[in-house]
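[1] I'd like to go over a predicted model; first the sequence, then the structure.
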Amino acid sequence: MAGLEVYIGDLRLKNPVMTASGTFGYGTEYADFIDLGRLGGVFVKGTTLAPRQGNDYPRMAETPSGMLNAVGLQNKGVDYFVEHLYPVIKDYDTHMIVNVSGSTVEDYVACAEKLADLDKMPAIELNISCPNVKEGGMAFGTSCQSAAQVTREVRKVFPKTLIVKLSPNVTDVTEIARGVENEGADAVSLVNTFLGMAIDVESRRPKLSTITGGLSGPCIKPIAIRMVWEVFHAVKIPIIGMGGICNWQDAIEFILAGATAVQVGTYNFIDPTASVKIVDGINDYLERYHIASVNDIVGKMIV
Amino acid sequence: MAGLEVYIGDLRLKNPVMTASGTFGYGTEYADFIDLGRLGGVFVKGTTLAPRQGNDYPRMAETPSGMLNAVGLQNKGVDYFVEHLYPVIKDYDTHMIVNVSGSTVEDYVACAEKLADLDKMPAIELNISCPNVKEGGMAFGTSCQSAAQVTREVRKVFPKTLIVKLSPNVTDVTEIARGVENEGADAVSLVNTFLGMAIDVESRRPKLSTITGGLSGPCIKPIAIRMVWEVFHAVKIPIIGMGGICNWQDAIEFILAGATAVQVGTYNFIDPTASVKIVDGINDYLERYHIASVNDIVGKMIV
Amino acid sequence: MQVLDFTVRSNEALNDQNHLIKVAPSGNEILPEMQPGQFVQILVDNSPHVFLRRPISINFVDKEKNEIWLLIQKIGEGTEKICSINEGEIMNLIYPLGNSFTLPERNGKYLLIGGGVGTAPMLFLGKKMKESGIEPEFLLGGRSAKDILQRTDFERYGTLYCTTEDGSFGEKGFVTHHSVLKEKKYDFIYTCGPKPMMVAVAKYAHEHGIECEASLENLMACGFGACLCCVEKTVRGNICTCTEGPVFNIKELFW
Amino acid sequence: MQVLDFTVRSNEALNDQNHLIKVAPSGNEILPEMQPGQFVQILVDNSPHVFLRRPISINFVDKEKNEIWLLIQKIGEGTEKICSINEGEIMNLIYPLGNSFTLPERNGKYLLIGGGVGTAPMLFLGKKMKESGIEPEFLLGGRSAKDILQRTDFERYGTLYCTTEDGSFGEKGFVTHHSVLKEKKYDFIYTCGPKPMMVAVAKYAHEHGIECEASLENLMACGFGACLCCVEKTVRGNICTCTEGPVFNIKELFW
Ligand SMILES: Cc1cc2nc3c(=O)[nH]c(=O)nc-3n(C[C@H](O)[C@H](O)[C@H](O)COP(=O)(O)OP(=O)(O)OC[C@H]3O[C@@H](n4cnc5c(N)ncnc54)[C@H](O)[C@@H]3O)c2cc1C
Ligand SMILES: Cc1cc2nc3c(=O)[nH]c(=O)nc-3n(C[C@H](O)[C@H](O)[C@H](O)COP(=O)(O)OP(=O)(O)OC[C@H]3O[C@@H](n4cnc5c(N)ncnc54)[C@H](O)[C@@H]3O)c2cc1C
Ligand SMILES: Cc1cc2nc3c(=O)[nH]c(=O)nc-3n(C[C@H](O)[C@H](O)[C@H](O)COP(=O)(O)O)c2cc1C
Ligand SMILES: Cc1cc2nc3c(=O)[nH]c(=O)nc-3n(C[C@H](O)[C@H](O)[C@H](O)COP(=O)(O)O)c2cc1C
Ligand code: FES
Ligand code: FES
């Protein structure tokens, strides 16, 4: 066994493979398929202060090597999570991390405060990059100022590991990354989905009820890798990379580009066992090249 | 036959299907495969004031439903074009339009001036969005100010149809579109390639000699469609849409989103006859729905 | 739920559009208990436009042969590719997924209405009902005679009524126009088919105060409750069709 | 150049890695004149990771049967898929592409050196040379005996020398170590194979003042001069391997 342990701030992960928010439910949905204990962590569904019904159907459209979604953060709110979901998932042998979303800075702060109290919630991921909600969401992630502001305010109430998830829908992602680093984020995760759109040419209607939605899957991987590499050279905090990861090769690509850990998203839908296969694949790769620890190749693309 | 004629500024196109710069050589490369006279127009290879050798090999990498390229504007310079290439291609029964690139505003202006003198050169496309050159290139297209500036200066010397090609690597593409519209652009074309990257995990080296390159192909289509739709609602000048077009359905999707005409790019490599098939497909679609002219569906997605 | 490789035992074209594909686990796995209304998610190998799996109802389970039957209509690239699979090839499935039609706990008259390829889950449902001692009646609709699939299979489990749009088989018209709906009185209607048909059936059931369940075919990304893409707006809010459906009591729907 | 559908006449596995696929136009088209060194671009249907066509050398042209032969090594998803094609299936090609080896205009001793699947264009080249009255000699290298492909075909056109890395056939070692290179003196060497091998051959040719042409396998997007992705740095600047190559005189290269 190669060394797979990595650290995100103070948070020790048994391996660098986690699952992406909104693609893995609360973990329970995958318990039939895999041993969740084999994962470095699980990012649960985007959670907001108040319950949300999400957007109208249709919420998804397939696209070449990817998909658009417009779920719109359907969830039962943070109180429901704390009372009903947390007790069920808290004893999984992995880190369960909540993805926190909001429409105002106050929302984020209030939500984060409630999660800070939970013993087995070692970290949160601030989703300042959701393209599927009208108010806030992505807007926070596309301006350096507001990204910094929400990080600053949440930092005050959340003493544990604070991960900020960046939007790729920007001219310069490093600027935002530096902004949130300066405000005390322990790590950044990237990328969230790209704003995209698809039209049914026969009905002449948009394929999503919301017209635009978030693009994910292998199609976005080359852009996501580039952004991880740019951010790696811009900040000192660790990066959690994602965008189209399907197999260990993709995961290694992100790690070489500068990601300390990765999240598997959309591909879980196609192969619900993909994440654990990736853990094994990374291990085999490191052994094959006699690399003692995965940390030794983070950002080590040879240029 | 449905009405396929469209106008880009004063420029009449016999149909809305053109081919994208850098993917269609000087048209001659395709003369064995198709009758160039069936196309609305041909955008020839990016041309610069001085000759350029382009970037080192390797210059391309395949990615899921797309490819990265790092050609870097290899071309023999505008003078060579005027003397040796223009005479060969000027009598094709379609519009041959030069894609003009540069590193400084002066470059663009000087290049445009030389092309303005050519009788059978009805338009140019300003490439302010090439991600593959170190100096200038994309930088012009990612700042509203410099995009506006280069448009303003070229406008002074180029009285014919002036098309400005926008970069998708921005937070808000409408801002740039409005900027160049204000400076007198007759049309905008979008999108150019997305900045992306790929790493060979066995050699641990970037797949491109330049590390990053431009992502094109079907993978980018959903983002390109969204941008066309956004720009359609932001400017009054016509839009030439592109990004991943492979068939008539894709072309119609762009037109419904707001494109008056389209360009077929990467897919020409896979099917060199794709562009003329798309002309036929658009015609059949219009006839099937008894739509008199393609102009009747520009931007007419039903929301 | 599990992810499992199946081997194609046979692939038969029932007409120009529909294929009946029979698959069995590639290893020595014994099929688990499955319920009518449940579905599988098929991995369609490696096409850029068929990135996601395709949801297909369980048409029938042959316990003796350890086989699942899938009835598939070619409507796009995914189903085209599925239907081009050869005997002996591997088909990877996630299964069994979703809830099921409510199996009769009490006596009564049951009508199972299927339209087009929506007849698929009705065969397995009919079998299960017959096994539990209730003989269902079937009302199947299609465009023309050749679109009424698996007739002899259906007749094994109950009386069969049919409509075709061109009148080439059974009564002419849509299922909701069939005379049996005027002549007989049913206690339960179960339906699956194109949405307009199901909405018409639901209207009939509402008007006649008949209990009615419908199986929805919302677009799905995962099929097992992880993505929240497949929701239907119900009286309980937005509900996942893949886990709390695909079968809904029409009282829950805004039809 | 044209885009044309071909039908697979046969697909034979020569060993675990290499397939010989023979194709003929699906319609009644007669194959045009083709030259050794030229290649085709194969459309690999519909896989997301095989978006682009795959360039493959013309291994042989059988004029009588109107067939093109392709010798393909499975090294990734594209070539795997190509090699899994069945007799009777369609393969869409853009062809013929590229320049060719210089066919002998004068007498002299010609050695054709191929390594691995790089032997592919050498068979057709050998045939053309023999037809023009010059008997070439072949020097083929592979990892072991089973990697020396199409031996009997080659022997039809000239003397065959071989090396294998494990010594299981011919001389042990790399092609450039074969004794014939010490014993005989050649006027022309034509080569195709892995780059390190061709560089070694070029070095030998330079040292011995022998005219030498090498066929390059640069990554290609289009294959017909439209994308400028396949360039090789030459004394004339960056030159497209797909139109001005794949065959280059080594004097033009910086090897
Ligand atoms: C629970 C469930 C059970 C199903 N059971 C069966 C079955 O037993 N047999 C069968 O043939 N089909 C069944 N379907 C439908 C089947 O999943 C779709 O026909 C298939 O996914 C289409 O894939 P495609 O790639 O061929 O078409 P695509 O190329 O994806 O689509 C072609 C056209 O059909 C439309 N379309 C695609 N899927 C659906 C859908 N689910 N509802 C409405 N329109 C759609 C698309 O919008 C598009 O216009 C079922 C669907 C669900 C959700
Ligand atoms: C003019 C020309 C003629 C050719 N003739 C033949 C032939 O007759 N028979 C044959 O088997 N192959 C031939 N090749 C090589 C063949 O095109 C590649 O092996 C094929 O494209 C690989 O596709 P793939 O999807 O299987 O592998 P991929 O998945 O694309 O690649 C697998 C691995 O191989 C590497 N690779 C891919 N293509 C090349 C290449 N061209 N050069 C070096 N490394 C590469 C990739 O970087 C990757 O590491 C030729 C190439 C050219 C340019
Ligand atoms: C259906 C769906 C729902 C998602 N919901 C969320 C969410 O609630 N919060 C969030 O931060 N990201 C969400 N995402 C984005 C993913 O976490 C991930 O950033 C993105 O999909 C890119 O990774 P991938 O290409 O591997 O899927 C969602 C993605 C999908 C496909
Ligand atoms: C190999 C290659 C070279 C290109 N060269 C140019 C260029 O010189 N100038 C330019 O404006 N765009 C260039 N492009 C971008 C295309 O014109 C087009 O904007 C982009 O590829 C998106 O369209 P597509 O997805 O249909 O290819 C190039 C694209 C490719 C793939
Ligand atoms: S399809 Fe994913 S939750 Fe239903
Ligand atoms: S491969 Fe496109 S120019 Fe050579």
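    That came in fine, so what should we check first? Residues are numbered from 1 along each chain as shown, chains lettered A, B, ... in the order given. Ligands and ions are numbered 1, 2, ... in the order given.
[2] and stretch A:285-294, which residues are buried?
    A:Y285, A:L286, A:V294 (16 or more other CB atoms under 10 Å in any protein chain shown). No exception for glycine: its C-beta is placed from N, CA and C like everyone else's.
[3] Give me the contact list for that stretch.
    Stretch A:285-294 has contacts (CB atoms under 8 Å, 6 or more residues apart in numbering or on different chains) with A:1-6, A:15-16, A:248, A:252, A:255, A:282, A:297, B:201.
[4] which among the buried residues of stretch A:285-294 gets closest to chain D?
    Nearest to chain D among these, counting by CB to the nearest CB, is A:Y285 at 17.4 Å.
[5] Neighbours of whatever residue of the stretch 101-250 of chain A ends up closest to ligand 1, how many?
    Using CB to the nearest ligand atom, A:D200 is the residue of the stretch 101-250 of chain A that sits closest to ligand 1, at 6.2 Å. Around A:D200 there are 16 other residues, counting by other CB atoms under 10 Å in any protein chain shown.
[6] wait, isn't it in contact with A:K207?
    Yes. With contacts counted by CB atoms under 8 Å, A:D200 reaches A:K207, the gap being 5.5 Å.
[7] Pull the most distant pair out of the contacts of stretch A:285-294.
    Pairwise distances across the contacts of stretch A:285-294 peak at 20.7 Å for A:E5 and B:V201 (criterion: CB to CB).
[8] Those two: who's more crowded?
    Neighbour comparison, A:E5 and B:V201: the larger count goes to B:V201, with 18 against 13 (by other CB under 10 Å).
[9] element containing the residue nearest to the more buried one when sequence neighbours are not counted, please.
    With sequence-adjacent residues excluded and distances taken as CB to CB, 6 or more residues apart in numbering or on different chains, B:V201 is closest to A:I252, at 4.4 Å. Element membership for A:I252, per DSSP states H and E: helix A:248-257.
[10] Run through the neighbouring helices and strands of that helix.
    helix A:221-232, strand A:239-241, strand A:261-264, helix A:274-288, strand B:199-200 (3 or more CB pairs under 8 Å, 6 or more residues apart in numbering or on different chains; DSSP states H and E).
[11] And the average pLDDT for that helix is what?
    The average pLDDT for helix A:248-257 rounds to 98.
[12] what does stretch C:129-142 give?
    Regarding stretch C:129-142, the rounded mean pLDDT is 93.
[13] how about the residue nearest to B:V201, what does it touch?
    A:I252 neighbours (CB under 8 Å, 6+ apart): A:I282, A:Y285, A:I297, B:V201.
[14] The last one contacts A:A251, correct?
    Think B:V201. No. Using CB under 8 Å, B:V201 is not in contact with A:A251; the gap is 9.1 Å.
[15] tell me the contacts of the residue in the stretch 1-150 of chain A positioned nearest to ligand 4?
    Per CB to the nearest ligand atom, the residue of the stretch 1-150 of chain A with the smallest distance to ligand 4 is A:P64, at 10.5 Å. Counting by CB under 8 Å, 6+ apart, A:P64 touches A:C219, B:S65, B:G66, B:G217, B:P218, B:C219, B:K221, B:G244, C:P48, C:H49, C:F51, D:P48.
[16] So which of those are in helices?
    The helices, defined by DSSP state H, take in B:K221 from those.
[17] Take the contacts of A:P64 and lay them out in TSV including neighbour count and distance to B:C111.
    Shown next, in TSV, are those (neighbours: other CB atoms under 10 Å in any protein chain shown; distance: CB to CB, whole Å):
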residue	neighbour count	distance to B:C111
A:C219	34	34
B:S65	26	34
B:G66	30	29
B:G217	30	28
B:P218	26	32
B:C219	34	31
B:K221	28	30
B:G244	28	28
C:P48	26	37
C:H49	19	40
C:F51	26	42
D:P48	26	38
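[18] Adding distance to ligand 5 and pLDDT, write the contacts of A:P64 out as JSON lines.
    Formatted as JSON lines, the contacts of A:P64 follow (distance: CB to the nearest ligand atom, whole Å; pLDDT from 0 to 100):
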{"residue": "A:C219", "distance to ligand 5": "19", "pLDDT": "97"}
{"residue": "B:S65", "distance to ligand 5": "22", "pLDDT": "95"}
{"residue": "B:G66", "distance to ligand 5": "26", "pLDDT": "96"}
{"residue": "B:G217", "distance to ligand 5": "27", "pLDDT": "97"}
{"residue": "B:P218", "distance to ligand 5": "24", "pLDDT": "96"}
{"residue": "B:C219", "distance to ligand 5": "23", "pLDDT": "97"}
{"residue": "B:K221", "distance to ligand 5": "23", "pLDDT": "98"}
{"residue": "B:G244", "distance to ligand 5": "26", "pLDDT": "97"}
{"residue": "C:P48", "distance to ligand 5": "20", "pLDDT": "63"}
{"residue": "C:H49", "distance to ligand 5": "18", "pLDDT": "70"}
{"residue": "C:F51", "distance to ligand 5": "14", "pLDDT": "90"}
{"residue": "D:P48", "distance to ligand 5": "21", "pLDDT": "63"}
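[19] hang on, the earlier thing: which one of the contacts of A:I252 sits closest to B:T151?
    B:V201 (42.2 Å).
[20] which residues touch the residue in the stretch 51-200 of chain C positioned nearest to ligand 6?
    In the stretch 51-200 of chain C, the residue found nearest to ligand 6 is C:F51; the distance is 27.2 Å by CB to the nearest ligand atom. Contact partners of C:F51, counting by CB under 8 Å, 6+ apart, are A:E62, A:T63, A:P64, A:S65, A:G66, A:M67, A:G217, A:P218, A:I270, D:P48.
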